[in-house]
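Trainee: turn this into a model:
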Amino acid sequence: MTDTASNRVVRDKEDPLTSISVADVNGEFAVNVISPLFAIQEAIKGFKQLPDSASKTFIYTGNILNHVVKSDVLTYGMTKAAAANMIRSTAAAYAKQGLK
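Mentor: Numbering: from 1, shown residues only. Next up, the predicted model:
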């Protein structure tokens, strides 16, 4: 079933895996992981052109799903966990350059 307010697929809490399709996963990863990945790349390019005094912070809002299990939004939670890892990894990789 699709949650029309958010366009995410809400799954059966007791049996969430049977209704997952490749298209569902690809769509959610495209929106929540792949698009932000390339946005971060572009932000870093721009940050490197700013003066040292400028704040170089990329803000990505998330939710609790990278810490809490909610099987009815399984694939959405997977993408939020992947995005959280991407943000933490990027922040660590560029910390010495003053990017966060």
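Trainee: in the chain, where's the longest helix?
Mentor: helix 74-94 (DSSP state H).
Trainee: quick check: buried residues in it?
Mentor: Using 16 or more other C-beta atoms under 10 Å as the test for burial, helix 74-94 gives 74-84, 86-87, 90, 94. Using the backbone N, CA and C atoms, a C-beta is placed for each residue, glycine as well.
Trainee: tell me which helix or strand residue 50 sits in.
Mentor: Using DSSP states H and E, residue 50 falls within no helix or strand.
Trainee: neighbours of it, how many?
Mentor: Other residues near residue 50 come to 12 when the count uses other C-beta atoms under 10 Å.
Trainee: excluding chain neighbours, what is closest to it?
Mentor: residue 56 (6.2 Å; C-beta to C-beta, 6 or more residues apart in numbering).
Trainee: pretty sure the one you found sits in a strand.
Mentor: No. Counting by DSSP: H, G, I helix; E, B strand; the rest coil, residue 56 is not part of a strand but coil.
Trainee: ok, it touching residue 49?
Mentor: No. Counting by C-beta atoms under 8 Å, residue 56 does not reach residue 49; the two are 10.1 Å apart.
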